[in-house]
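S.K.: what's the 3D shape of this:
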Amino acid sequence: MLARQRQAAILERVRATGGVRVSELAAEFGVSDMTIRRDLDALDAQGLLAKVHGGATVADTSAADEPGFDAKSVRQPAEKGLIATHAARLVRPGAAVALSAGTTTAALARRLVDVPGLTVVTNSLPVAEVFHTGGRSDQSVILTGGVRTPSDALVGPLAVAAIRSLHLDVLFLGVHGISERAGYTTPNLMEAETNQALMASADRLVVLADHTKWGLVGLCSIGELGCADVVVVDDRLPEEGRRVLGERVTELIVVERATGNRAAATEGTPA
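M.R.: Just a heads-up that it's a prediction; the model follows:
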């Protein structure tokens, strides 16, 4: 197969499934990982897809684009894992915690399955599945119900009505984008409303976001930067992002990729 034919087949696969992995493509086409990476580089340079760690996803083209869960799961997996590991340390046994939809919150779920006595509220099908298959018998999981989005979130009036009757200790919120102007955003209008209901029911808000979320603006704002009590990010967050978030949120936690330790913590008063 010629390189051009192989790249066309890769692009078709990305558009059909939302995301691909280098290892899977190499095995399928009988070529080396390096060859596939060169193919992805060429397609990325043309703006036809977005190359990510270990694979590629559909290129984001507008504020309303909403990648599927599988497509997002191949983006920055190492950073998301470190953020989730640190966030898990903020959870005490017996707490009532909410996890919004998202791949970083799903990573957090995998680190909470051994915490005793948790009550977990979520509008995420993947998060609920993590606790269903690997959780403890003394944990309770409440799945909100609602209309399913491309990112496997449950949203809409049913979800909002269920959430409004609850009182939660902490919400761990995954977001599509963060910007100084728009705050925390999502490409889905109903998901924004559902996340706002989760925020209103929680005593504390912890936002989980890798560095690629900075400067990205989705269609709908969830809340201003200052509504978060804690933001946990990786150390590739640009200096501008560190400065702005450090000024706006109560605590900014930057986790080092090399060690997994907290690299910096900025405490202040929300603007």
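
S.K.: in the protein, which helix is the longest?
M.R.: helix 3-17 (DSSP state H).

S.K.: give the partner strands of the helix or strand that comes right after that helix in its sheet and their orientations.
M.R.: As assigned by DSSP states H and E, the chain's next helix or strand after helix 3-17 is strand 19-21. Partner strands and pairing direction for strand 19-21 (DSSP bridges) are strand 55-57 (antiparallel).

S.K.: returning to what we had before: could you export the longest helix of the chain as CSV, CA atoms only?
M.R.: Output of helix 3-17 as CSV, limited to C-alpha atoms (Å, rounded to 0.1, in the frame of the first residue of the first chain):
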residue,chain,number,x,y,z
ALA,A,3,1.7,6.1,1.8
ARG,A,4,-1.1,8.2,0.3
GLN,A,5,-3.5,5.2,0.3
ARG,A,6,-2.6,4.3,3.8
GLN,A,7,-3.1,7.9,5.0
ALA,A,8,-6.5,8.0,3.3
ALA,A,9,-7.5,4.8,5.1
ILE,A,10,-6.2,6.2,8.4
LEU,A,11,-8.2,9.4,7.9
GLU,A,12,-11.3,7.5,7.1
ARG,A,13,-10.9,5.4,10.3
VAL,A,14,-10.4,8.6,12.4
ARG,A,15,-13.6,10.1,11.0
ALA,A,16,-15.6,7.0,11.5
THR,A,17,-14.4,6.2,15.1
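
S.K.: could you give the separation of that helix from the chain centroid?
M.R.: Centroid separation for helix 3-17 versus its chain: 26 Å, with Cα atoms, centre = their mean, to the nearest Å.

S.K.: list the buried ones in it?
M.R.: 6-7, 10-11, 13-14 (16 or more other Cβ atoms under 10 Å). Where C-beta positions appear, they are placed from N, C-alpha and C, glycine not excepted.

S.K.: contacts for it, please.
M.R.: 1, 20, 25, 29, 31, 36, 39-40, 42-43, 48-49, 56-58, 70-71 (Cβ atoms under 8 Å, 6 or more residues apart in numbering).

S.K.: let's go with 7 Å and repeat that
M.R.: 20, 25, 29, 39, 42-43, 48-49, 56-58, 70 (Cβ atoms under 7 Å, 6 or more residues apart in numbering).

S.K.: out of those, which two sit at the greatest distance?
M.R.: The largest separation in the contacts of helix 3-17, counting by Cβ to Cβ, is between Ala42 and Asp70 at 23.1 Å.

S.K.: bridging residues for the residue nearest to Val206 when sequence neighbours are not counted?
M.R.: Once flanking residues are discounted, Val206 sits nearest to Val230: 4.5 Å by Cβ to Cβ, 6 or more residues apart in numbering. Beta-bridge partners for Val230, by DSSP bridges, are Val206, Glu251.

S.K.: show me the contacts for Val230.
M.R.: When contacts are taken as Cβ under 7 Å, 6+ apart, Val230 is in contact with 206, 249-251, 253.

S.K.: where in this structure is pLDDT low?
M.R.: Scanning the chain with the threshold set as pLDDT under 70 gives 15-16, 18, 47, 59-76, 259-271.

S.K.: show me where it has its helices.
M.R.: Taking DSSP H as the criterion, the chain carries its helices at 3-17, 22-29, 33-45, 69-73, 77-88, 103-112, 125-134, 157-164, 189-201, 239-248.

S.K.: which one of those lies nearest to Leu118?
M.R.: Nearest of these to Leu118, taken as Cβ to Cβ: helix 103-112 at 6.4 Å.

S.K.: could I have the closest one exported to PDB, CA atoms only?
M.R.: Coordinates of each C-alpha in helix 103-112 appear next as PDB, following Å, rounded to 0.1, in the frame of the first residue of the first chain:
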ATOM      1  CA  THR A 103     -11.900  11.100  30.600                       C
ATOM      2  CA  THR A 104      -9.900  12.700  33.500                       C
ATOM      3  CA  THR A 105     -12.800  12.100  35.900                       C
ATOM      4  CA  ALA A 106     -12.900   8.500  34.600                       C
ATOM      5  CA  ALA A 107      -9.200   8.200  35.500                       C
ATOM      6  CA  LEU A 108     -10.000   9.500  38.900                       C
ATOM      7  CA  ALA A 109     -12.800   7.000  39.300                       C
ATOM      8  CA  ARG A 110     -10.300   4.200  38.800                       C
ATOM      9  CA  ARG A 111      -8.300   5.600  41.700                       C
ATOM     10  CA  LEU A 112     -11.300   5.800  44.100                       C
END
